[in-house]
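Enquirer: Below are the sequence and a predicted model; questions follow.
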Amino acid sequence: MLFVTGGAGFIGSNFVLDWLAQSDEPVLNLDALTYAGNLGNLRSLEGDEGHIFVHGSIADGALVERLLADYRPRAIVNFAAESHVDRSIHGPADFIDTNIVGTFRLLEAARAYWSGGSKDDSFRFLHISTDEVFGTLDADDEAFHEETQYQPNSPYSASKAASDHLVRAYHHTYGLPVLTTNCSNNYGPFHFPEKLIPLVINNALLGRPLPLYGDGQQIRDWLYVKDHCSALRRVLQSGVPGRTYNVGGWNERTNLDVVQSICDLLDELKPRDDGQSYRGQITFVTDRPGHDRRYAIDARRIESELGWRPSETFESGIRKTVGWYLDNAEWVRNVTSGSYRNWLEKQYA
């Protein structure tokens, strides 16, 4: 059995769905169901005996200990995190509580469980992190690699950097067999529409402005979420304990390029009633504080050591993503509540 934390969120739910579609091994899924955690992502698993859902937080050490004792998983896959930079700027406390304290509680429970099992060599603790811990790059800088110095620039990335350090320390101090992955920007199905790609798709269809920070020339490496899931399966299978692996899509794009690509796809797949391009809705807004200019992932280690490389190009992945949102309008309506709309107005005023 796998013990997945944060398995009702964007990446976590995609991982759970993909895992159960390809394996008979059951999943124990712990999620606090904060605003971005959504059981609707897992609706197709209703009645599936291979999926056991528990509502709770990784910061609840007693709960985690009980679940480990009751279900005896062979691995913990930790997606649970507060993950949005903008929200961390307005309210960093939740990021400290979940990403740092929560990871610490989870590690403590995992260490006790692993030690009590005579330090089973097959056990793994897989921690999913972000490229944002490395800071920002200039246009000509080499991409982030696994030995790049940590230089986080937001409360979110600082909290994830702290969690990465804790995971590393539990390996070097206690021998806990940990694995860490640092991924680039994910996109795809079930992405909560506060992040750039689903926000732009949703706003475009509603006739609202498509907000772009600053000049829109910030560069990100885009990774289709199902490619990310396949990389995590590979790391869990063959990764070396104590090792970190960067997971990227080899798809650097400016934010403006991404938004224009979405507009062009919507022009093709769901044209506006007035015949005008969705590009006319693009609106530049004041840049956010401390906005990193460029992220880029060097994913050669995971390719050379574990044989993984993404299968989707940005063009193929973004077409699948836009198509999914067009086909799942009800899911979007369900997650875009009144509180979400109020937050958007505050953020992009």
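Expert: Yep, it's here. Residues are numbered from 1 along each chain as shown.

Enquirer: Torsion angles phi and psi at the residue lying farthest from the centre of the chain?
Expert: Here the chain reaches farthest from its C-alpha mean at D274, the gap being 36.1 Å by Cα atoms, centre = their mean. The phi/psi pair for D274 (degrees, to the nearest 10) reads phi -90, psi 0.

Enquirer: In the stretch 201-349 of the chain, what residue spans correspond to helices?
Expert: 225-238, 255-269, 300-306, 314-327, 329-335, 338-347 (DSSP state H, counting those that start in this stretch).

Enquirer: In the first one, which residues are buried?
Expert: The one in question is helix 225-238. Within helix 225-238, the residues scored as buried using 16 or more other Cβ atoms under 10 Å are V225, K226, D227, H228, C229, S230, A231, L232, R233, R234, V235, L236. Every C-beta, even on glycine, is put in place using the N, C-alpha and C of the backbone.

Enquirer: Now do that helix: which elements does it pack against?
Expert: Secondary-structure packing of helix 225-238 (3 or more Cβ pairs under 8 Å, 6 or more residues apart in numbering; DSSP states H and E): helix 10-22, strand 75-78, strand 124-130, strand 178-183, strand 185-187, strand 244-247, helix 300-306.

Enquirer: In TSV, list the ones you listed along with mean pLDDT.
Expert: Formatted as TSV, the helices and strands packed on helix 225-238 follow (pLDDT from 0 to 100):
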stretch	mean pLDDT
helix 10-22	97
strand 75-78	98
strand 124-130	98
strand 178-183	98
strand 185-187	97
strand 244-247	98
helix 300-306	98
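
Enquirer: I'd like to know which of the ones you listed is closest to A109.
Expert: Nearest of the helices and strands packed on helix 225-238 to A109, taken as Cβ to Cβ: strand 75-78 at 8.8 Å.

Enquirer: just how off-centre is the closest one within its chain?
Expert: Strand 75-78 sits 15 Å away from the centroid of its parent chain (Cα atoms, centre = their mean, to the nearest Å).

Enquirer: for it, packing partners?
Expert: With contacts taken as 3+ Cβ pairs under 8 Å, 6+ apart, strand 75-78 sits against strand 2-5, helix 103-116, strand 124-130, helix 225-238.

Enquirer: can you list contacts of the longest helix along the chain?
Expert: Counting residues, the longest helix found in the chain (DSSP state H) is helix 155-174. Helix 155-174 is contacted from outside by 81-85, 87-89, 92, 95-96, 98-100, 103-104, 107, 110-111, 115, 125, 127, 129-130, 132-133, 135, 150, 152, 176-178, 180, 182, 241-242, 244, using Cβ atoms under 8 Å, 6 or more residues apart in numbering.

Enquirer: Out of those, which end up buried?
Expert: For the contacts of helix 155-174, a burial check counting by 16+ other Cβ under 10 Å picks out 81-85, 87-89, 92, 95-96, 98-100, 103-104, 107, 110-111, 125, 127, 129-130, 132-133, 135, 152, 176-178, 180, 182, 244.

Enquirer: Flag the shaky bits of this structure, pLDDT-wise.
Expert: Along the chain, the model assigns pLDDT under 70 to residues 83-86, 337-349.

Enquirer: Please name the residues that touch the residue most central in space within the chain.
Expert: Geometric centre of the chain, nearest residue: I11, 4.8 Å, by Cα atoms, centre = their mean. Going by Cβ under 8 Å, 6+ apart, I11 touches F79, I128, N186, V225, H228, C229.

Enquirer: any residues touching stretch 49-67, and which ones?
Expert: Contacts with stretch 49-67, where a contact means Cβ under 8 Å, 6+ apart, come from 3, 5-8, 16, 20, 24-33, 39, 42, 45, 71, 78, 80, 97-98, 101-103, 105-106, 108-109, 112-113.

Enquirer: quick one on the thing from earlier: include distance to S163 when you put the helices and strands packed on strand 75-78 into TSV, please.
Expert: Listed next are those as TSV, based on distance: least, Cβ to Cβ, whole Å:
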stretch	distance to S163
strand 2-5	12
helix 103-116	4
strand 124-130	7
helix 225-238	17
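
Enquirer: number of nearby residues for the nearest residue to A36 once chain neighbours are set aside?
Expert: The shortest distance from A36 to any non-neighbouring residue, by Cβ to Cβ, 6 or more residues apart in numbering, is to F192 (4.5 Å). F192 has 20 neighbours, counted by other Cβ atoms under 10 Å.

Enquirer: Is F192 located within a strand, as I assumed?
Expert: No: assessed with DSSP: H, G, I helix; E, B strand; the rest coil, F192 is coil; it does not lie in a strand.
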